[in-house]
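K.L.:
Here is a sequence together with a model predicted from it:
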Amino acid sequence: MTTQQIVLIAVAIVLVAAIVTAILVIRSRRRSEESPSTPGAPREVTTEVAPTPGSSGAGTTAAPAIQVPESVDSRLVRLRGRLARSGALGQALLAVLGRDTLDEEAWEELEETLLQADLGLAPTTELLEELRTRLRVEGSRDPQRVRAILRELLLAQVDPTMDRSLSLDPRPLAGGRASDAGEAGEAGEAMVNVPATVLMVGVNGTGKTTTVGKLARLLRAEERTVLLGAADTFRAAAADQLATWGSRVGVEVVRSEREGADPASVAHEAVARGGAEGVDVVIIDTAGRLQNKAGLMDELGKIVRVSSRRAPLSESLLVLDATTGQNGLRQARVFSEVANLTGIVLTKLDGSAKGGIVVAVQKELGIPVKLVGLGEGADDLAPFDPEGFVDALLGDKAA
Ligand SMILES: Nc1nc2c(ncn2[C@@H]2O[C@H](COP(=O)(O)OP(=O)(O)OP(=O)(O)O)[C@@H](O)[C@H]2O)c(=O)[nH]1
């Protein structure tokens, strides 16, 4: 055997040994990976996502449970109690009217009480004139009778004849067919409907986003399908806030990933997607804006135009904070010029002694209060009920 052959055999032996060793190492590694960990022994790999509060299983972020919103009837009964502070108005009026003599000083006191409750000067004067006449004609100061007259006059001011229903039926596409508006379908197909579209407008902090969330719940309680549009693109938190509201009742939100994006394009996208998905109602939240900022009001005008391109808006609701009093009226006037308002949502009426603003704002704009916010709770929004409201103003025990 030559030296060369001996070297070759040695190299071959080393190679075979190396290959066998490698195979043994790999096998033993695989076995140790495949073997289940001993019960009770610490695991090498922990779950990547920590369970979030409220989630059910370890390692997964559970979707929030879908809640069942409170029915309209039930919330009306529950929320009447929230108007209790408004009852101070009725009690103050009835206390003066219960005096033996009603001199000029007494009538001035009545006037002041009504003005302090934000009823407004013209409605106050009108109501007191009628009250004087009625008391003189009837010639009776029986407390039950006086209360009944006052109730009648206050109710007339609140105006129970106004249509306060929300217009939420699907709208026919303006002058065209599905294909005209880029909807799914071919030319010549039957007309399609556009979802009812509700726009929420108002100055900063009045409760627009909260009201959009509460309204979505109210509509879900009536088993309507809803899509939300986060056209408040200045504040990313507003879209997150909406997403939270929506997720609780299984409602999706159309939003822009870019802060400061064009809110009109978000509104357009929401209406288009609502149409394509066949939802019943699209609700669009807008950023709070001051009525004296021309640029922002122009931007609102564009949102209105874009949202009503396929069909006029079903509802354009001004969200007013009941506690801001007469100042709210000035805002209301300008918004009504830009946004073709169809109704008012009066928020924060819970605990407010300024219930007269309902009358003042309706007279100012000639449009009805349709919804009232009576607390920060998810179901603390109710359709406005004039009779229940006046009973609450008078401190009616049943209210
Ligand atoms: N007490 C009470 N608080 C309310 C009511 N509605 C809204 N709020 C509160 O008002 C505050 C402002 O509400 P938002 O919904 O953020 O107001 P917004 O109008 O969307 O605010 P911007 O987007 O900044 O203009 C929040 O703390 C709400 O909980 C209500 O009816 N009663």
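P.N.:
Yep, it's here. Keep in mind the model is a prediction, meaning the values are calculated, not measured. Numbering: from 1, shown residues only.

K.L.:
the helices in the chain, which residues?
P.N.:
3-34, 72-80, 87-97, 104-116, 121-138, 143-158, 208-221, 236-248, 263-277, 294-307, 326-339, 357-365, 386-393 (DSSP state H).

K.L.:
Which among the ones you listed is found nearest to the ligand?
P.N.:
When the helices of the chain are compared by Cβ to the nearest ligand atom, helix 208-221 sits nearest the ligand, at 3.3 Å. Any C-beta I mention is one placed from the backbone N, CA and C, and that applies to glycine too.

K.L.:
what about whichever residue of the stretch 51-200 of the chain sits closest to the ligand, distance to L300?
P.N.:
Proximity of the stretch 51-200 of the chain to the ligand (Cβ to the nearest ligand atom) peaks at M200, 8.2 Å away. Counting by Cβ to Cβ, to the nearest Å, the gap from M200 to L300 is 11 Å.

K.L.:
Find the residues that touch each one of the two.
P.N.:
Common contacts of M200 and L300 (Cβ atoms under 8 Å, 6 or more residues apart in numbering): T286.

K.L.:
what does this structure put close to the ligand?
P.N.:
202, 204-210, 232, 235, 238, 287-288, 347-348, 350, 373-376, 380 (Cβ under 6 Å from any ligand atom).

K.L.:
Which of the residues you listed are buried? Put it as a PyMOL command.
P.N.:
In PyMOL, this line selects whichever of the residues of the chain next to the ligand come out buried by 16 or more other Cβ atoms under 10 Å:
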select buried, resi 202+206+207+208+209+210+232+235+238+287+288+347+348+350+373+374+375+380
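
K.L.:
Look up phi and psi at P160.
P.N.:
phi -70, psi -10 (degrees, to the nearest 10).

K.L.:
what's the neighbour count on E364?
P.N.:
19 (other Cβ atoms under 10 Å).

K.L.:
Going forward, the N-terminal residue is numbered 23.
P.N.:
Yep, numbering from 23; the last one is E386 now.

K.L.:
which non-adjacent residue is nearest it?
P.N.:
Excluding the flanking residues, the one nearest E386 by Cβ to Cβ, 6 or more residues apart in numbering is L351, at 5.0 Å.

K.L.:
now the one you found: how far from R163?
P.N.:
35 Å.

K.L.:
Look at the two and report which has more neighbours.
P.N.:
L351 (18 against 14).

K.L.:
Pull the contacting residues for that one.
P.N.:
So L351 contacts G142, A382, V383, E386 (Cβ under 8 Å, 6+ apart).

K.L.:
doesn't P145 make contact with V381?
P.N.:
Yes: the criterion here is Cβ atoms under 8 Å, and V381 meets it with P145 at 5.0 Å.

K.L.:
Can you check which residues contact both of these two?
P.N.:
Q179.

K.L.:
Specify which residue of the two has the higher count of neighbours.
P.N.:
Shown here are V381 and P145; by other Cβ under 10 Å, V381 has more neighbours (24 against 21).

K.L.:
measure the more buried one to D140 for me?
P.N.:
With Cβ to Cβ as the criterion, V381 and D140 are 8 Å apart.

K.L.:
Flag the shaky bits of this protein, pLDDT-wise.
P.N.:
Within the chain, the segments meeting pLDDT under 70 span 23-25, 29-30, 32-86, 106-108, 194-214, 418-421.

K.L.:
domains in it, as residue ranges please.
P.N.:
Here the domain assignment for the chain is 94-180, 193-407, based on automatic domain parsing.

K.L.:
which of these sits most buried?
P.N.:
Highest mean neighbour count of the domains of the chain: domain 193-407, a mean of 20 (counted as mean count of other Cβ atoms under 10 Å).

K.L.:
CA-only coordinates of stretch 295-306 in PDB, if you can.
P.N.:
Extracted in PDB, the C-alpha atoms of stretch 295-306 (Å, rounded to 0.1, in the frame of the first residue of the first chain):
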ATOM      1  CA  ARG A 295     -69.000  51.500   0.600                       C
ATOM      2  CA  GLY A 296     -72.300  51.600   2.300                       C
ATOM      3  CA  GLY A 297     -74.000  51.400  -1.100                       C
ATOM      4  CA  ALA A 298     -71.800  48.600  -2.300                       C
ATOM      5  CA  GLU A 299     -72.400  46.600   0.900                       C
ATOM      6  CA  GLY A 300     -76.100  47.300   1.000                       C
ATOM      7  CA  VAL A 301     -76.100  48.700   4.600                       C
ATOM      8  CA  ASP A 302     -79.200  50.600   5.800                       C
ATOM      9  CA  VAL A 303     -77.600  53.700   7.300                       C
ATOM     10  CA  VAL A 304     -74.200  55.400   7.000                       C
ATOM     11  CA  ILE A 305     -73.400  57.900   9.800                       C
ATOM     12  CA  ILE A 306     -70.600  60.400   9.200                       C
END
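
K.L.:
Can you name the residues in contact with that stretch?
P.N.:
With contacts defined as Cβ under 8 Å, 6+ apart, stretch 295-306 is touched by 190, 192, 203, 205-206, 214-222, 234, 237-238, 241, 246-251, 253, 276, 288-289, 292-293, 325, 329, 332, 336.

K.L.:
can you pull the contacts of T146?
P.N.:
Contacts of T146 by Cβ under 8 Å, 6+ apart are E133, L136, L137.

K.L.:
Repeat that for Q138.
P.N.:
Contacts of Q138 by Cβ under 8 Å, 6+ apart are A375.

K.L.:
what do you get for T346?
P.N.:
Counted by Cβ under 8 Å, 6+ apart, T346 has contacts T228, Q353.

K.L.:
quick one: G388 and I366, what's the gap?
P.N.:
In terms of Cβ to Cβ, G388 sits 11 Å off from I366.

K.L.:
Same check on D402?
P.N.:
To I366, D402 is 17 Å away according to Cβ to Cβ.

K.L.:
same deal with T155?
P.N.:
From T155 to I366 the distance is 30 Å (Cβ to Cβ).

K.L.:
In contact with A178, which residues?
P.N.:
So A178 contacts nothing (Cβ under 8 Å, 6+ apart).

K.L.:
ditto for the one 4 residues further on
P.N.:
P182 is in contact with P408, E409, counting by Cβ under 8 Å, 6+ apart.

K.L.:
do the same with the one 3 residues further on
P.N.:
The contact partners of D185, by Cβ under 8 Å, 6+ apart, come to P390.
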